[in-house]
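**Student:** Sequence plus predicted model, see below.
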Protein chains: 4
Amino acid sequence: MSSTYGKIFKISTFGESHGKAIGVIVDGCPAGVEFDENFIQNELDRRKPGQSRITTQRKESDEFQVLSGVFEGKTTGTPIAMVIPNEDQRSKDYSHIATQFRPSHADYTYTAKYGNRDYRGGGRSSARETAARVAAGALAKTLLSTNNITIQAYVSQVGKLKLDKQYWELDLSKTDDNAVRCPDEEMAQKMFDYIDETRKKGDSIGGIITCVIKGVPVGWGEPVFDKLHAELGKAMLGINAVKGFEYGSGFEGIELYGSEHNDEFYIGEDGKVHTKTNLSGGIQGGISNGEDIYFKVAFKPVATIMQDQESVNAEGEKVIVSGKGRHDPCVLPRAVPIVEAMAALVLADFSLRAKSNKV
Amino acid sequence: MSSTYGKIFKISTFGESHGKAIGVIVDGCPAGVEFDENFIQNELDRRKPGQSRITTQRKESDEFQVLSGVFEGKTTGTPIAMVIPNEDQRSKDYSHIATQFRPSHADYTYTAKYGNRDYRGGGRSSARETAARVAAGALAKTLLSTNNITIQAYVSQVGKLKLDKQYWELDLSKTDDNAVRCPDEEMAQKMFDYIDETRKKGDSIGGIITCVIKGVPVGWGEPVFDKLHAELGKAMLGINAVKGFEYGSGFEGIELYGSEHNDEFYIGEDGKVHTKTNLSGGIQGGISNGEDIYFKVAFKPVATIMQDQESVNAEGEKVIVSGKGRHDPCVLPRAVPIVEAMAALVLADFSLRAKSNKV
Amino acid sequence: MSSTYGKIFKISTFGESHGKAIGVIVDGCPAGVEFDENFIQNELDRRKPGQSRITTQRKESDEFQVLSGVFEGKTTGTPIAMVIPNEDQRSKDYSHIATQFRPSHADYTYTAKYGNRDYRGGGRSSARETAARVAAGALAKTLLSTNNITIQAYVSQVGKLKLDKQYWELDLSKTDDNAVRCPDEEMAQKMFDYIDETRKKGDSIGGIITCVIKGVPVGWGEPVFDKLHAELGKAMLGINAVKGFEYGSGFEGIELYGSEHNDEFYIGEDGKVHTKTNLSGGIQGGISNGEDIYFKVAFKPVATIMQDQESVNAEGEKVIVSGKGRHDPCVLPRAVPIVEAMAALVLADFSLRAKSNKV
Amino acid sequence: MSSTYGKIFKISTFGESHGKAIGVIVDGCPAGVEFDENFIQNELDRRKPGQSRITTQRKESDEFQVLSGVFEGKTTGTPIAMVIPNEDQRSKDYSHIATQFRPSHADYTYTAKYGNRDYRGGGRSSARETAARVAAGALAKTLLSTNNITIQAYVSQVGKLKLDKQYWELDLSKTDDNAVRCPDEEMAQKMFDYIDETRKKGDSIGGIITCVIKGVPVGWGEPVFDKLHAELGKAMLGINAVKGFEYGSGFEGIELYGSEHNDEFYIGEDGKVHTKTNLSGGIQGGISNGEDIYFKVAFKPVATIMQDQESVNAEGEKVIVSGKGRHDPCVLPRAVPIVEAMAALVLADFSLRAKSNKV
C-alpha cells in the first residue's frame, strides 16, 4: 500500500525495471484539465536515459500511452492510466545479482522483507519507477499552471562543486540548456567535466538540487502533521538516493538569532501582505504565505559503481560484486524533473484540499 | 483532516493553546499493550514547560487523563483517548495579538486560510499541541519496547555550538542529566550558558537534535513513497520550528564518491548480515536493514522574541509587535521527547504494516 | 483504525459504555460553520436514554462539552473535540457477564479478536458509542443546512406493524411528536403499545427506519466504489443492530421490468432536469440527481432481553445468561437521530469532496 | 479518488467502456501469493459477455495481461497491474447518446458533475469496469484459499421467480452448470426462459444474488464503522444496478422477537464455540464469529432496454431515446462472479487488518 501518494489528487505507480511496463493511475484529478500529451512526453524526455554521455546508456524511448480518463483532449474526472512499456530489457546484464546483495542497494532489504524479489535491474527499487511519477507530475503541473504556479528545479551542487549564488541571482530558464541542468553556464561546464571524470573512474558522485516554486497563493498546506513543507519533505525523501531535505533557511538558519531570522511583514506595492526577508521559505506554520517557496534536496552518490566491492549473497557467503551493466555516474541531471514532478504532485493535492478551508 | 497521522497505528490530536484541553485519540493500537500511566506521565514531564530557567515559565502540570481504550492496565484494541487540561490560560497576555501578525508565526497564514482563528497563544499552531503527540508516542514506545527497540534523541548543536562527537562516542543515558539534554556534560554547560545569555537578550536561538534508534528488525518501511526515512522526515518536519531533516550521511554524504559511500555487507559474529560502515543510516531502499537508524533534525530559532518587531495587522496597517508573555529562548531541550515520540509513532505504524509483508 | 469515518469531513469516536467518557473528534470541518451548542445538545437529547417508558431507564444526561476547534461561536478549521462524560456507570449490573458470552452480542467475537475486553455494559460494542456520532452529525447537519439540505428519518415499521404510506404522504414534522417517532399518529400509538407489551414480556422487537433527504444538489457522490448509496449503506450498516439497507425501489424493485423501473427525464417548471418517477431514489450511477434521496434501514430485535438464555463462557462451560440491567425493548425510536446523523456525515463529506469535481 | 478500495489490500481500477483498456492495480498484496493466471482468466470468463443468448452479444475476449508485481509465478509484494484491452469498441452504436440522457443511467449525473464525459457506451459508468474488480478479486480469492475460505454466490431470484430453498439445501457446486447460475436446475430453466422472454420484449428484469462464505476464522472485521457487514454492504452497493443489501436474517428478521432471533452459543463437537442458529449471518458486533457468512444483494432491472423512452438532452430539449446497441436483459448471471470478487476483496483486506489485533 506504499505506492500510492496523495489524499485527493492521488497517484498509484506500478512496475519493475525489467518487467513489461511501468505506469501510474491518477485518481482524483478534476475534470476539464487540458491533457497535453506533448508536454507530458517532454517531461518524460527530460528524465529519460541516454541524454548525454554523463547519463546511463540504457535505451528507453519512454513513450507513454494513456489508457483512460481522457476524452477529447481533456480529463473527465475519472482515473487516468498512463503506461510506459519497457523496451530495453537486457536482463542478462543483471542475472549475476540474482542472489548477490549489492552494497547500499535494496537487494538485501527487499529479500528480507518479501522473501522473493524481482532482481532484474533492481526491480521495483530501480529509479526507473520515477518515470511514472514524472508523467503524473506533468499533469499536476498543468493543473497548477491554471493558477500561474511555476516549479523550477536545478542542480546547485555536484560533489564539492557548489554554485554560490541564490536562486534569484540566476536565470532559471537556462537550466535545460546544458546536460547537467545547472543554470550557471560556467559552473555547469565544471560539473559536467567532473561527472565525466567520475564516470571514467567507474565511480559515482552526489549533489544537491534546489527547487523554487512561485505563485502559490496564501493558505495552502495544513497545520500539524500535513504541513506543506512536511509533505514536500516526504515527497523528496521518497525519491531514490535522497538523504536530506531543508527548506527556507534550512540547516544554516539554526545559527541565527530569532531577531535575525524572523521575516517581518509589510504591505507591498501590490497592496498585499509580504515579508521583507524570506527565511521562512514561503511557508509559516505549515501553510504557504504567498512568498516564493524554495528548498534543497541532497542526493547521495548512486550505489551502482563499475568497481569490485565485497559483499555477501543470500546464502551468507562472501562474494565480490563486480560493476556491470549501465549506470548514471551522477543522477542529479535526470533527477531535476523528478523533483519538479513530486513538488507538483504535493501542490496539486494541497490545491484541492484547500477548497475545503472555509464554508 | 491534517491532524491525523499513521495508517494502522493512527493518532488524531486536538486542542488549542488556550482552549479547555488538548488531547489525542490513538485508533489502531493492538490489544494487550501494557498501559503504563507513570511512563506516559514521565514522558510528558520531559516536555512540559518550566523545567529550568532556560524554558518558558508557563505553568502547566500537564497531567493527562485516559478516557477510553484501557481496561485492567492493558489496551483493549479500541480507541485510546488521552486528554490534558489546560490550566494556565492567561489569555490576557495574548489579547494584543488578536489582529496583529507576529513575524514568522502562523498568525497571517491561519487568518488567510480560515478566515477566523483562535489567536490566544497561537491557538492550534502553538507547540503546546505536541504534548498530545508525546502522550501517544509514549504508548508507541511501549509497543516497540516489546521488540527491544530503543529511541534516544539528544541536543547536538545550539547555534554555533556543535558537539563534534558521533552518537556512538557518547553515553546517551546521560542525556536527561542536564537541562539542555546534551549527553556531553561540558558541551551541555556551554549550551546552557549560551541559551541563558540569549534569553537575557530577549532573543532566541536554534539548533540540531540527533536521534538514534536501535533494534529495528530488517524489513520495516515500504518502497516508493512511504520509505522509512520519508515518513521519519515527514514526522520530524511536522514538528514546530523544524527546517531540515537528514539521515545517515545526509548533506555531508554528497561530497563522497560512491566507492567511499557504499556500505559493504559482511556476515557478523551473530551470523547475520551486517554492513561494515553505516552511511546508509540503517535504511536501504526505504527499508530498515538491521543497523542503527540515525538522523538529524534542524530547528530554527523560535519566532517569539522579547523585542519589538515591525509588522502589519489584519487591516493592513503597519504595527509594532512587542514581545510579551512567556517563551522558550531555545526549544531544543523540550523538543527531545517530541522527536522521540514522533519517531516512535512512525515505527509503531511500520511495525504493524510489516505484518502484511508475506503470506 | 476502524473508529474513523470520512475522507475530508472526518470523525473519530472513542469511549466505552462504562468508561469515563465517550466522545468524538471532527477533523476536516471547514472554518466558519456556526457551532450551535443548543442544537447539538437537542440532537443528543433525541437519542438519550429514559425518554419514555419504552426506552432504557439508564440515567444519562448526555451533556456534551466542546474542548477545541471552536472560537467565538464558529468552527476554526481545526479539530473539534466533543466529550460526553458517562454518569450512570452502575457496572455492578454487568459484572455477571465478565466471562459469559451473551447470545447475539459481541462478547464472544471481541474476546476472540482482542484477547481482553471491557465487559462492562458491552464496552465499546455498546450503542452508547452512537451518541458521539450524533454530536458530530449535528455539526454536519449545520454545515448542510447552509445548502438548505434537510434530513428526516422516522420509524416506518415495528415488528409486523408496517406503515403503509409513502414518505410524501406523511407530515414528517410530526415525527418527534410521539415517543415512537412515527409521523402517523394512529400507527404510532399501535407501535407504542406493541413495544410496551414486548417490554413487559422481557423481550425485544425490530423494525425499519425510513430516511428522506431533500435538497441535495446534482453531482454529489462518486463513481465506482464510493457511490453515494454505497457510503450511505456502509454508514447505516455500521449502526448497531442494523441488518439491511435499501434505497429507492430497493428489494421490491427487482420484480419490475426495466420499462417500468426507469425514471424518464423531463424539464420541470423550475427549468431544471427532473425525473417523472423516482425509483432511482435520487441517485444515478452513484451520484445525486437532484431528486429526493430516500432509503430504508432494517434493525433486528436487540440482543439484550430479560429472559434466561443458554450460552457458554470463556472457559467453554455451559451457562445460563439471565436478563439483568436495563435495556431498550425496541431501539428504533432512539435510532432515528442516529440514522439522520450518519446520513449527515456521509453528505457533509461528499459536499466537500464535490468541490474537486472540475477545474 | 473514488476508484480505490481497501485499507491494506488496496485496489485501484481504471478504464472506460470504449477506451483503450480497463484494468486494476493491486497495491498491498503480500509477497508469496501464487499468481495463477489460468484461475484469474477463468474468473474473467465467468463474467465476460456473450456467454449465452441471455447475455449481451458484445464481443470481448477479456484476456488480461499482468504488467508488474509478479515474478516466477508469485507476487513480490509490489503493485500488481492487470490490464484488459477493449477489443469491440463499436462506438458508433453509441454516438446518438452523446448529448441525450438515457433514463436511469448516469449520463445526466456525470454531465452535471464533471462538465464533460466519455459518452461512448456509458464510459466509466459502464459495468465493463467490473471486469477489473473480478481480476483483482480472483487474486484475493487465492490469498483467502490459503485460509481454506470459500466464497460462493448464486442467483436466487429473477423477477418474481424466487428460489424457496436455503443455501444449505442446495448443491452450490452446480451453480455454473447453467447459463443463469442458479444451482437448482429446475428453477434455473424457468429463470432462463423468463429472461429470454424478457429479452425478446426488449425489456430487462432484476433479481437477487445470494452469497455464502465459509471458513472465515473468528475475529475478522472491525468495531464501529468498518464492521464486516458494513464493508460487505458498501462493496455490494458499489456494484452497478444494486439497490439493496441484507445479511443474516436481514429484512425478514425484523418481525421476530429477540428471544426468537438470538443465536445461542454452545460448544460444538470440534470443541469450538458455535451458535445453534445463525440469524446473525456469521457476524456479531461487526466481527466474524466462525459461522457461515451469508447475505443477499438486490439488483434492479438494468436501465438499457430496447424500447423508446422519453427524455431530455443536454440542451434541455425533449427527446426520444431509442434502444440500440447490445445489452443484458438480466445482469444477474454475469454478476455472480462480481459479487464473489467484491466479497473476496473485502475479506482479503480484513485478513490483513486482523494481523494487528493483538500484540
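**Tutor:** Right, received. Where do you want to start?
**Student:** My read is that A:V155 contacts A:P337, right?
**Tutor:** No: proximity of A:V155 to A:P337 does not meet the contact threshold set by C-beta atoms under 8 Å, at 11.7 Å. All C-beta spots, glycine's among them, are computed from the backbone N, C-alpha and C.
**Student:** higher neighbour count, the two?
**Tutor:** Neighbours per residue, other C-beta atoms under 10 Å in any protein chain shown: of A:V155 and A:P337, the larger number sits with A:V155, 29 against 26.
**Student:** Wasn't the more buried one part of a helix?
**Tutor:** No: when the secondary structure is assigned by DSSP: H, G, I helix; E, B strand; the rest coil, A:V155 falls in strand instead of a helix.
**Student:** If it is in a bridge, with which residues?
**Tutor:** When bridges are taken as DSSP bridges, the partners of A:V155 come out as A:I209.
**Student:** and if you look at A:Y5?
**Tutor:** Taking DSSP bridges as the rule, A:Y5 bridges to A:I11.
**Student:** Would you state the predicted confidence (pLDDT) at it?
**Tutor:** We note a pLDDT of 96 for A:Y5 in this prediction.
**Student:** wait, what's in contact with it?
**Tutor:** Counting by C-beta atoms under 8 Å, 6 or more residues apart in numbering or on different chains, A:Y5 touches A:I11, A:A235, A:G238, A:L345, B:F225.
**Student:** where's the second one relative to A:V158, distance?
**Tutor:** A:A235 sits 22 Å away from A:V158 when distances are taken as C-beta to C-beta, to the nearest Å.
**Student:** Identify the residue spatially nearest to A:A298, adjacent ones excluded.
**Tutor:** The shortest distance from A:A298 to any residue other than its chain neighbours is 3.8 Å, reached at A:G244 (C-beta to C-beta, 6 or more residues apart in numbering or on different chains).
**Student:** returning to what we had before: which neighbours do A:V155 and A:P337 share?
**Tutor:** If you check A:V155 and A:P337 against C-beta under 8 Å, 6+ apart, no residue is contacted by both.
**Student:** A strand includes A:I151, no?
**Tutor:** Yes: following the definition three-state DSSP, A:I151 is counted among the residues of a strand.
**Student:** quick one, what contacts it?
**Tutor:** In this structure, A:I151 makes contact with A:K141, A:L144, A:C211, A:V212, A:I213, A:E340, A:A343, A:A344, A:L347, judged by C-beta under 8 Å, 6+ apart.
**Student:** Flag every buried residue along stretch A:176-188.
**Tutor:** Buried residues in stretch A:176-188, counting neighbours by 16 or more other C-beta atoms under 10 Å in any protein chain shown, are found at A:N178, A:A179, A:V180, A:R181, A:C182, A:P183, A:D184, A:M187, A:A188.
**Student:** likewise stretch A:144-162?
**Tutor:** A:144-145, A:149, A:151-159, A:161.
**Student:** same deal with stretch A:249-256?
**Tutor:** If you call a residue buried by 16+ other C-beta under 10 Å, then stretch A:249-256 has these buried ones: A:S249, A:G250, A:F251, A:G253, A:I254, A:E255, A:L256.
**Student:** Please apply the same query to stretch A:317-333.
**Tutor:** In stretch A:317-333, counting by 16+ other C-beta under 10 Å, buried: A:V319, A:V321, A:G323, A:G325, A:R326, A:H327, A:D328, A:P329, A:C330, A:V331, A:L332, A:P333.
**Student:** CA atoms of that stretch as PDB?
**Tutor:** What follows is stretch A:317-333 as a C-alpha-only set of coordinates in PDB (Å, rounded to 0.1, in the frame of the first residue of the first chain):
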ATOM      1  CA  GLU A 317      28.700 -16.400   1.600                       C
ATOM      2  CA  LYS A 318      31.300 -13.800   0.900                       C
ATOM      3  CA  VAL A 319      31.200 -12.600  -2.700                       C
ATOM      4  CA  ILE A 320      32.700 -10.000  -4.900                       C
ATOM      5  CA  VAL A 321      30.100  -7.800  -6.600                       C
ATOM      6  CA  SER A 322      31.500  -6.600  -9.900                       C
ATOM      7  CA  GLY A 323      30.300  -3.500 -11.600                       C
ATOM      8  CA  LYS A 324      28.400  -4.400 -14.800                       C
ATOM      9  CA  GLY A 325      25.600  -3.000 -16.900                       C
ATOM     10  CA  ARG A 326      24.900   0.700 -17.400                       C
ATOM     11  CA  HIS A 327      24.600   3.300 -14.800                       C
ATOM     12  CA  ASP A 328      24.400   7.000 -14.100                       C
ATOM     13  CA  PRO A 329      27.600   8.400 -12.500                       C
ATOM     14  CA  CYS A 330      25.500  11.200 -11.100                       C
ATOM     15  CA  VAL A 331      21.700  11.100 -11.000                       C
ATOM     16  CA  LEU A 332      21.200  14.800 -10.500                       C
ATOM     17  CA  PRO A 333      20.700  16.000 -14.100                       C
END
